[in-house]
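*Asks:* need a structure here:
(one chain, ligands or ions: 1)
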Amino acid sequence: MKKEKLEALFQTLTLEEKIGQVVQVSGNVYMEDKQTIDTGPLQDIGFHSDFQLDLIGSVYNVNDWRQIKKIQTEYLHKHPKKIPLLIMADVIYGFRTINPIPLAQAGSFDFELIQKGATETAKESYRNGLHVLFSPMLDLVRDPRWGRVMESPGEDVYVASQYANSIVTGYQGELNEEKTIEEDHVAAGIKHFAAYGAPEAGREYNSVDMSLLKLRQTYLPPYEAALKANAKLVMTAFNLLNGIPATANKFLNRKILREENNFDGVLISDFAAIEELVDHGYAKDKQTAAQKALEAGVDIDMMTSCYANELQSLIESDQLPMELLDEAVRRILVLKNELGLFENPYRGLEAETAGEILTATAKQTAIELVEKSSVLLKNDQQLPLEKPEKLAVIGPYGTSKLTLGFWASVTGSPLDTISLAEGLQQHFPNQQLLLSKGYNLFDDYEAFGPLKEAVIQLNGPIDAENELVQEAVEKAKQADKILFTFGENFMESGEGASKAHLDLPEKQLHLLRELKKTGKPIVGILYTGRPLVLTEVATLFDSLLLVWYPGTMGGIGISNLLTGKANPSGRLAMTFPRAEGQIPIYYAHHSTGRPMGTSNQQPRFTSRYTDEANEPLYPFGYGLSYSSFQITTDSAAVHCRAGDTFSFKLAIQNTSQVDGEEVIQFYIQAAASEIVRPVQELVGSKRIFVRAKSVEEVEIEVDSNSLGYVNESGEHVLEKGSYRYLIATSSDNVHKSISIVIE
Ligand code: NOJ
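*Replies:* Numbering: from 1, shown residues only. All right, here's what the predicted structure looks like:
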């Protein structure tokens, strides 16, 4: 629809119709008959009885395309101005073809592949009637106690920003001049603005307090990268930021988001976050909450009655200017228009591809993502597996299909999932695997509420732990090698899953110690949504592969890695601590005035723990391969001016007998500067495939601006002086360093 026509439509809207547009509820309300609605969800939300459900502008989490079609038809039939309903959903790392969790994907350092995965997700979502996805989540994280680290791209500014760009571009495709979103694409909804990933003590929904400098240098850049890539929707965060809830924070939402980043898309609150302004102690009642949120520029109220019940009287009594509501409604209409909904409210649902899921390309991309994001943490020669070997596959993840991670429960299905045993069986078709559950994945099923029976069906009954251990040890004794699958179940991470203890539960440790007593080599396969404390555990394995929550195609990708059909090349996007007491722990920290290990300090009075090392167990950027590489460079020292580019050549030699990929990481170190810089900052990376016993040469071009930083006012600064450019394969493994002087 042309802009003028849209504006003309807007001019016809009544106040009630405008208010309808800024309200969002769960799609459930349209899936029941009216009778149920009045007594069910509507009443829970607390809408006034005269609020018209038929005017609501958007819903979220209706995921069946036939249902979406039906809802849209009935909705349009009733809507006085025939403005289509906008459908949003919690698709976080896959619609039905579930990819590995974001924390895993980010560690692939393969931003093209990540974009490919997002393109497939967009395609499936589009073909199933969705318009806007509530992802990517771009909250930078440095505290693994927080359960939502699984859906974050990790601890590093560069990686998270690249990831942001890949996902947004994959979802939305290349926008044309009108900024419309073409078929097979959907709008990205980035979240949670801002700094939700830094809750105090890692406790869910807790307050965030940080300097403006830290906000600008570390936490804002991933959101900003997504905005630069034209993300259409932003979701606010639940947390306070420096004393003001993010959802009503004018500095964040009006100044930083809209003014500095020129964001003219839709800002939606997180679930019930407007009403929670009252619980925060920032608004005295729901009316004030509605007022403060709209004043801060929040266009859509998700799942409360604040806007629905309060905006009319606020506007009629002149406590809120009509213009504020108008700007919100206009933005929502523009988004609907950019999605082409006025021309076709059934976008994606009328083509032959409607309802299509799990295509061959989507599944193949998911396999590649598993292969490139799993991390080989340790390998004392037990991997890759040799054929034929008698394998005992012990632990519930041998056969469990509950490997999709928390968020996939919204649109994914474990029934589509390939388990590890199924994957291995494809490699060893004539060999019997000695399968044993080993321990119960869940202690009980009570937390599943109404889904309890379905989960029992999928996961089987709870067995006596001691009998499971006995059986596992028996099977282990008959085998040449043990594959021990372990870690967290999918309910242990994700939203609302903060943890104070990150070590392995006693029952898993006990089983592992018993298996160790058999003297058989043990390969660990770790399923988790967060870095765990593996300090003792890692010593019990000969080899250890981290597979995170690998998604629908996990069993295939993992067995490709175990058997050497694929060569591990994933890296850690988040540090693994040695102990919880080290948290927050991340590689890009600052130096203290008394760093450990300096010669003129007595150890006692240096910055250290008396009972634990300062270093993590596995640092950011770490990950092993079946190949080994040597890196050389031709570069001498560089002298240049700010803004210049310089280049150097790298030769990567694969000294092993197997083809492999190395992830080269480029870090900078700045000498003394006006604002103290972290000890090391990642500014670039390159994945390089090198055939066995061969060398690959690449030319690396560096923009000297990447050596700069952002100051408190948000300005980019590149100081003159000395820098070092580090060529590394992990944050703690530097191969070469180039000296740079900016003159
Ligand atoms: C709350 C979560 O914080 C957010 O990420 C999600 O998109 C909404 N709920 C909607 O389910």
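
*Asks:* how near is residue 344 to residue 83?
*Replies:* Applying C-beta to C-beta, to the nearest Å, the value for residue 344 to residue 83 is 14 Å. Bear in mind the C-beta positions are built from the backbone N, C-alpha and C, glycine included.

*Asks:* In terms of neighbours, single out the busier of those two.
*Replies:* Counted by other C-beta atoms under 10 Å, residue 344 and residue 83 do not tie: residue 83 has more neighbours, with 24 against 13.

*Asks:* which ones are touching that one?
*Replies:* Taking C-beta atoms under 8 Å, 6 or more residues apart in numbering, we find residue 83 in contact with 9, 17, 21, 57, 333, 336, 342.

*Asks:* Identify the farthest-apart pair in these.
*Replies:* Maximum pairwise distance among the contacts of residue 83 (C-beta to C-beta): 15.3 Å, between 17 and 342.

*Asks:* So which residues of the stretch 351-500 of the chain form helices?
*Replies:* 360-373, 420-427, 452-459, 465-478 (DSSP state H, counting those that start in this stretch).

*Asks:* Return the most buried member of those helices.
*Replies:* Comparing those by mean neighbour count (mean count of other C-beta atoms under 10 Å), helix 360-373 ranks first with a mean of 23.

*Asks:* by how many degrees do it and helix 420-427 diverge?
*Replies:* 100 degrees (axes from the mean of the first three to the mean of the last three C-alpha atoms, to 10 degrees).

*Asks:* least trustworthy helix or strand in this protein by mean pLDDT?
*Replies:* Here the helix or strand of the chain ranked lowest by mean pLDDT, DSSP states H and E is helix 34-39, holding a mean of 44.

*Asks:* Can you tell me the element residue 158 falls in?
*Replies:* Applying DSSP states H and E as the criterion places residue 158 in helix 157-172.

*Asks:* Where does pLDDT dip in the stretch 551-700 of the chain?
*Replies:* Along the stretch 551-700 of the chain, the parts satisfying pLDDT under 70 run over 599.

*Asks:* let's go with 90 and repeat that
*Replies:* 597-603, 634-636 (pLDDT under 90).

*Asks:* For the ligand, what's the nearest residue on the stretch 451-600 of the chain?
*Replies:* Of all residues in the stretch 451-600 of the chain, the one sitting closest to the ligand is residue 495 (5.6 Å; C-beta to the nearest ligand atom).

*Asks:* okay, now that residue: neighbour count?
*Replies:* With other C-beta under 10 Å as criterion, residue 495 counts 17.

*Asks:* residue contacts, residue 540?
*Replies:* Contacts of residue 540 by C-beta under 8 Å, 6+ apart are 512-513, 516, 522, 524.

*Asks:* Could you tell me which of those count as buried?
*Replies:* 512, 516, 522, 524 (16 or more other C-beta atoms under 10 Å).

*Asks:* Against residue 379, how distant is residue 693?
*Replies:* For residue 693, the distance to residue 379 - C-beta to C-beta - is 20 Å.

*Asks:* What is the burial count for the closest residue to the ligand within the stretch 101-250 of the chain?
*Replies:* In the stretch 101-250 of the chain, the residue that lies nearest the ligand is residue 134 (3.7 Å; C-beta to the nearest ligand atom). Here the count is done by other C-beta under 10 Å, and residue 134 has 25 residues near it.

*Asks:* Surely it and residue 92 touch.
*Replies:* Yes. In this structure, residue 134 is within contact of residue 92 by C-beta atoms under 8 Å, at 7.2 Å.

*Asks:* what does the stretch 151-300 of the chain put close to the ligand?
*Replies:* Within reach of the ligand by C-beta under 6 Å from any ligand atom, the stretch 151-300 of the chain has these residues: 191, 270-271.

*Asks:* Recalculate using a threshold of 5 Å.
*Replies:* Residues of the stretch 151-300 of the chain found near the ligand (C-beta under 5 Å from any ligand atom) are 270-271.

*Asks:* so can I have JSON lines of the helices of the stretch 351-500 of the chain showing distance to the ligand?
*Replies:* Shown next, in JSON lines, are these (distance: least, C-beta to the nearest ligand atom, whole Å):
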{"stretch": "helix 360-373", "distance to the ligand": "21"}
{"stretch": "helix 420-427", "distance to the ligand": "29"}
{"stretch": "helix 452-459", "distance to the ligand": "20"}
{"stretch": "helix 465-478", "distance to the ligand": "34"}
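
*Asks:* and residue 715, which of those is closest to it?
*Replies:* Comparison of the helices of the stretch 351-500 of the chain against residue 715 by C-beta to C-beta identifies helix 360-373 as nearest, at 35.1 Å.

*Asks:* Return the distance of that closest one from the chain's centre.
*Replies:* 17 Å (C-alpha atoms, centre = their mean, to the nearest Å).

*Asks:* Which strands or helices does that helix pack on?
*Replies:* Helix 360-373 is packed against helix 102-106, helix 111-127, helix 554-563, with contacts defined by 3 or more C-beta pairs under 8 Å, 6 or more residues apart in numbering; DSSP states H and E.

*Asks:* make it 10 Å
*Replies:* When contacts are defined as 3 or more C-beta pairs under 10 Å, 6 or more residues apart in numbering; DSSP states H and E, helix 360-373 packs onto helix 102-106, helix 111-127, helix 554-563, strand 660-670.

*Asks:* State the mean pLDDT of it.
*Replies:* For helix 360-373, the mean pLDDT works out to 98.

*Asks:* what angle do that helix and helix 554-563 make?
*Replies:* 40 degrees.

*Asks:* pretty sure residue 663 contacts residue 727?
*Replies:* No. Contact criterion C-beta atoms under 10 Å: residue 663 and residue 727 do not qualify, at 11.8 Å.

*Asks:* Find residues that contact each of these two.
*Replies:* By C-beta atoms under 10 Å, 6 or more residues apart in numbering, residue 663 and residue 727 have these common neighbours: residue 686.

*Asks:* out of the helices and strands packed on helix 360-373, deepest packed?
*Replies:* helix 102-106 comes out most buried of the helices and strands packed on helix 360-373 by mean count of other C-beta under 10 Å, with a mean of 30.

*Asks:* Please compute how far that one lies from its chain's middle.
*Replies:* Helix 102-106 sits 6 Å away from the centroid of its parent chain (C-alpha atoms, centre = their mean).

*Asks:* Who are the packing partners of that helix?
*Replies:* helix 111-127, helix 157-172, helix 360-373.

*Asks:* what about 6 Å?
*Replies:* helix 360-373 (3 or more C-beta pairs under 6 Å, 6 or more residues apart in numbering; DSSP states H and E).

*Asks:* Dump the helix it packs on to PDB, restricted to CA.
*Replies:* C-alpha atoms of helix 360-373 as PDB (Å, rounded to 0.1, in the frame of the first residue of the first chain):
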ATOM      1  CA  ALA A 360      16.100 -31.100   3.000                       C
ATOM      2  CA  THR A 361      18.000 -27.800   2.900                       C
ATOM      3  CA  ALA A 362      16.900 -26.800   6.400                       C
ATOM      4  CA  LYS A 363      18.000 -30.100   7.800                       C
ATOM      5  CA  GLN A 364      21.300 -30.100   6.000                       C
ATOM      6  CA  THR A 365      22.000 -26.600   7.300                       C
ATOM      7  CA  ALA A 366      21.100 -27.700  10.800                       C
ATOM      8  CA  ILE A 367      23.600 -30.600  10.500                       C
ATOM      9  CA  GLU A 368      26.300 -28.200   9.400                       C
ATOM     10  CA  LEU A 369      25.500 -26.000  12.300                       C
ATOM     11  CA  VAL A 370      25.900 -28.900  14.700                       C
ATOM     12  CA  GLU A 371      29.200 -29.900  13.200                       C
ATOM     13  CA  LYS A 372      30.600 -26.400  13.300                       C
ATOM     14  CA  SER A 373      29.400 -25.400  16.700                       C
END
